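Novice: Sequence below, structure please.
(one chain, ligands or ions: 2)
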Amino acid sequence: MLSTHFNQFFRKKTSFLLILVGSVFSAYAKEGMWLPPTLQQREADLKENGLQIPVSKLYNADGSGLNHAVVLFGKGCTGEVISNKGLVLTNHHCGYGTVQGLSSKDKDYFANGFFALNNKDEVPCPGLTVTFIRKMENVSDLVLFDIADTLSESKRDSIISNRIKGLEKGYRYTTKMDASIKPFFNGNQYWVIISETFQDIRLVGFPPNGIGVFGGDTDNWMWPRHTGDFSMFRIYAGKNNKPAPFALKNKPYETKNFFTINTGGYKEGDFTMVYGFPGTTQEYISSYQLNQVYSIVDPIRISVRTKKLAVWTKHMNDDRDVFLKYTSKRAGVANGWKKWQGEVRGLQLNNVVNKKIEFEKEFQAKTMGNSQLPWASDVLSHLAANTSRADSALKADVYIQEAILGVEMIAQATLLDKILQVMRSKISVEKLHDSLDKLTQNSASFFKNFDLKTDQETFEILLPIYFKSVGRWVPPTLQKSYQQYKKNISAWANDLYHTSLLRSEEKLRQFASTAKAKDTMILLADPALQFYQTVSQYRKSELSPIINRYNNALAYYNRLYMKAQMVFNPQKMFYPDANLTLRLAYGKVEGMDPDGPSGYSFQTTLDEAIAKNNPDVEEFRVPQKLKELFAKKDYGRWNVGGTVPLAFIASNHTSGGNSGSPVLNAKGELIGTNFDRVWEGTMSDYYFDPKLCRNISLDIRYTLFIIEKFGGAGWLLKEMKLVK
Ligand code: ARG
Ligand code: GLU
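Specialist: Ligands and ions are numbered 1, 2, ... in the order given. Okay, the predicted model is just below:
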């Protein structure tokens, strides 16, 4: 509520400015996430748009390119090196899971934040890694030689995987680094990626949640935004500055390759680049497949999660204990839920399915009777047939994923299934208890964040949706139970939640510690396990065969379709769909005009964040110290016009995985850190609309202000290279 009110307020305030400048700049937005080694071919366009450094500075394999300052952070985010001592900047939400593991009641980093005051303070983060991309090379000719386009996918795969194994081995041997070969353009190209992964990573700085997730789920995916979404880590290296497992004697990683930070700001229209690891996009799929996402998959996920979130939220509001248990899980469920709504809306407003249909008509006209790729004119009809054949099985499967496995009790029954396997494995009693102990210990984190009542109500709300929606695609045993309970889901839930071993950690442990191999009967009678097994067997026997066949057909026909699109549009330069490999996107700092005459400005400030302060709502609670800095206008060198710039939007083509990516100016200097996209443009994973698609970045000046003035960690700024 509150934030909606403020969003409107800010929109009105800034619309005038946008009318003045909007028309000048709105044509510059840029689609594309480019493989760094191919940027040479885009040099003219990059220069024309504003790039002021040689393209060879952006990427090269000789050790001096900016690629050596960008890292894959953990397994799904991006980070950037900002000092010659291995200091890494990324998002708060990218460090969140790691910091949860480091926090305790006495060291509550979420409530109080954490800023190291010297190297000794820096906290080791077990399990966290960062990966540098040293070199990428097109090896398509080596992987694909003598393979006909139309060779079946299975034959092709077995030839290719052998070649890849051999090549990777060779690359590892010659480079002494990791090498992995990945498909691009749906398997029409292969690239080798030479990388180095560091394993000793330590926490350096983490603002409290009142800054780092300010605005929370309410503002997530939204602009205007006031989230100080950053955290800082340091890479430690072993002997010879090389990757090594954690050791006290490891030293901060030394490098010449780090980003210079430009604190001089930017104006609307300025050239920007985002360098990072976008995860998944599907820009080239057919109208048939897109329509499946748009009219089946997304709507099911949205509607089921709407109900589930309502139940969770109610229980979280009623009981602080439940709130603490579910807040992080809720963020995950809501993140996708909100994004997909933006996606469906964007696809609809832009008529994207129809645009694809128009494109396909042209494609048919070009390929029909053309001997260059004799198979091309049949590809779309095969895609159409395969897609519609899979519709109902796919729909049933998405309902299972969301409405059945979305119930924690049922999903968690995989644990009982594992226990059952162990008990059936005929091992000695000691070994049995050993394994069961381990399994139940691992479940501690599940029970820590599990509330039986909340989950039971989730079951009661979601199950009717499932039965109502999937028609004949219900496992017969489940249908029988449904009838036996006379469709009374509450009665069913009551039985299940009062008898399953999963109803409490204690019950489960009790069972595990005394179980004998012959006690499998107890498990086999467990209603949660029965439920889970019925559903997974049904998936395996009825749904997976159809879905696997469909996926194989898609792999085959989408590869051909991609190839034909490229062959029949020789004048267009294609960028490959995102696959968590290193990419560069470029665009401009620019506001947007989401749905009418009023627009969104391109920038937010600290004053606006303070105006959103609401002590009653956790998401909008500004930390005391920040309020004091604001009251005294104690901004030091970060004062710009009486406030501190906080975030900005730009038209760079990004996706999930780009979180934490460096946002660069025309000289390749760091001006911000990417952390989100605007909701109206989340359909850019399928279709990039320059009017609506914007990435959201944290202004580097806000980051530095928080580190220096709020965190009192000015020593870190001394190791950075700041220019104006
Ligand atoms: N929407 C962003 C992303 O996709 C940020 C998510 C984290 N923030 C949150 N409030 N849940 O990752
Ligand atoms: N927050 C997203 C991430 O974690 C980035 C936003 C997006 O999807 O563009 O990668």
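Novice: Output stretch 210-220 as PDB - backbone C-alpha positions only.
Specialist: Provided in PDB are the C-alpha atoms of stretch 210-220 (Å, rounded to 0.1, in the frame of the first residue of the first chain):
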ATOM      1  CA  GLY A 210      17.100  -2.000   6.500                       C
ATOM      2  CA  ILE A 211      19.400  -0.900   3.700                       C
ATOM      3  CA  GLY A 212      20.300  -4.000   1.700                       C
ATOM      4  CA  VAL A 213      16.700  -5.200   1.200                       C
ATOM      5  CA  PHE A 214      14.900  -1.900   1.900                       C
ATOM      6  CA  GLY A 215      11.500  -2.100   0.200                       C
ATOM      7  CA  GLY A 216      11.600  -5.900   0.400                       C
ATOM      8  CA  ASP A 217       9.100  -7.900  -1.600                       C
ATOM      9  CA  THR A 218       6.800  -4.900  -1.900                       C
ATOM     10  CA  ASP A 219       9.300  -3.000  -4.100                       C
ATOM     11  CA  ASN A 220      10.900  -6.100  -5.600                       C
END
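Novice: neighbouring contacts of it?
Specialist: The contact list for stretch 210-220, computed with C-beta atoms under 8 Å, 6 or more residues apart in numbering, reads 2-3, 92-93, 113, 206, 222, 225-231, 330-331, 334-335, 338, 609, 612, 618-623, 626, 676, 706, 710. All C-beta spots, glycine's among them, are computed from the backbone N, C-alpha and C.
Novice: which among those residues are in contact with ligand 1?
Specialist: His93, Ala331, Asn335, Asp676 (C-beta under 6 Å from any ligand atom).
Novice: Now which of the residues you listed would you call buried?
Specialist: Among these, the ones that count as buried by 16 or more other C-beta atoms under 10 Å are His93, Asn335, Asp676.
Novice: Could you work out the end-to-end span of stretch 108-115 for me?
Specialist: 12 Å (C-alpha to C-alpha, to the nearest Å).
Novice: Check whether the residue in the stretch 551-700 of the chain positioned nearest to ligand 1 sits in a helix, strand or coil.
Specialist: The nearest approach of the stretch 551-700 of the chain to ligand 1 comes at Asp676, 4.5 Å away (C-beta to the nearest ligand atom). Three-state call for Asp676 (DSSP: H, G, I helix; E, B strand; the rest coil): strand.
Novice: That one and Ala647, how far apart?
Specialist: Applying C-beta to C-beta, to the nearest Å, the value for Asp676 to Ala647 is 9 Å.
Novice: Identify the contacts common to those two.
Specialist: The overlap between the contact sets of Asp676 and Ala647 (C-beta under 8 Å, 6+ apart) consists of Arg225, Thr227, Ile696.
Novice: Grab the nearest non-local neighbour of Ile201.
Specialist: Excluding the flanking residues, the one nearest Ile201 by C-beta to C-beta, 6 or more residues apart in numbering is Leu128, at 4.5 Å.
Novice: Quick check, the one you found in contact with Leu72.
Specialist: No: using C-beta atoms under 8 Å, Leu128 is not in contact with Leu72; the gap is 11.6 Å.
Novice: In which helix or strand does Ser536 reside?
Specialist: Assessed by DSSP states H and E, Ser536 sits inside helix 527-538.
Novice: Just give me the neighbour total for Ser388.
Specialist: Residues lying near Ser388 (other C-beta atoms under 10 Å) number 12.
Novice: Now do Trp482: how many residues are near it, please.
Specialist: Actually, residue 482 is Tyr. It isn't Trp. When counting by other C-beta under 10 Å, one arrives at 18 neighbours for Tyr482.
Novice: That one should be in a helix, yeah?
Specialist: Yes: assessed with three-state DSSP, Tyr482 lies in a helix.
Novice: what's near enough to touch it?
Specialist: Phe467, Val474, Trp492.
Novice: Spatially nearest residue to Trp536, not counting backbone neighbours?
Specialist: Rather than Trp, residue 536 is Ser. Nearest non-adjacent residue to Ser536, counting by C-beta to C-beta, 6+ apart: Asp417, 8.0 Å away.
Novice: ok, the one you found to Thr458 distance?
Specialist: Taking C-beta to C-beta as the criterion, Asp417 is separated from Thr458 by 21 Å.
Novice: Who has more neighbours out of these two?
Specialist: Thr458 (25 against 13).
Novice: The one residue in the chain that gets nearest to ligand 2: how many residues sit nearby?
Specialist: As assessed by C-beta to the nearest ligand atom, ligand 2 sits closest to Ser659 within the chain, at 3.1 Å. Using other C-beta under 10 Å, Ser659 is surrounded by 26 other residues.
Novice: Could you look up the SS state of it?
Specialist: For Ser659, the assignment made with three-state DSSP gives coil.
Novice: Read off the pLDDT value for it.
Specialist: Looking at Ser659, its pLDDT stands at 98.
Novice: Quick check: it vs Ser371, distance?
Specialist: According to C-beta to C-beta, Ser659 and Ser371 sit 47 Å apart.
Novice: got it, and Ser56?
Specialist: For Ser56, the distance to Ser371 - C-beta to C-beta - is 40 Å.
Novice: which residue lies farthest from the center of this protein?
Specialist: Lys518 (44.3 Å; C-alpha atoms, centre = their mean).
Novice: can you pull the pLDDT of it?
Specialist: Here the pLDDT value assigned to Lys518 is 79.
Novice: and it, how far is that from Met33?
Specialist: From Lys518 across to Met33, the span is 57 Å (C-beta to C-beta).
Novice: re earlier: output those of the buried ones among the ones next to ligand 1 among the contacts of stretch 210-220 also counted as contacts of ligand 2.
Specialist: For ligand 2, the contacts drawn from those by C-beta under 6 Å from any ligand atom are Asp676.
Novice: Apart from its chain neighbours, what residue comes closest to Glu137?
Specialist: Nearest in space to Glu137, with sequence neighbours left out and distances taken as C-beta to C-beta, 6+ apart, is Val192 at 5.1 Å.
Novice: on that earlier part again, now, of the contacts of stretch 210-220, which are buried?
Specialist: Applying 16+ other C-beta under 10 Å to those, the neighbour count classes 3, 92-93, 113, 206, 222, 225-231, 330, 334-335, 338, 609, 612, 619-623, 626, 676, 706, 710 as buried.
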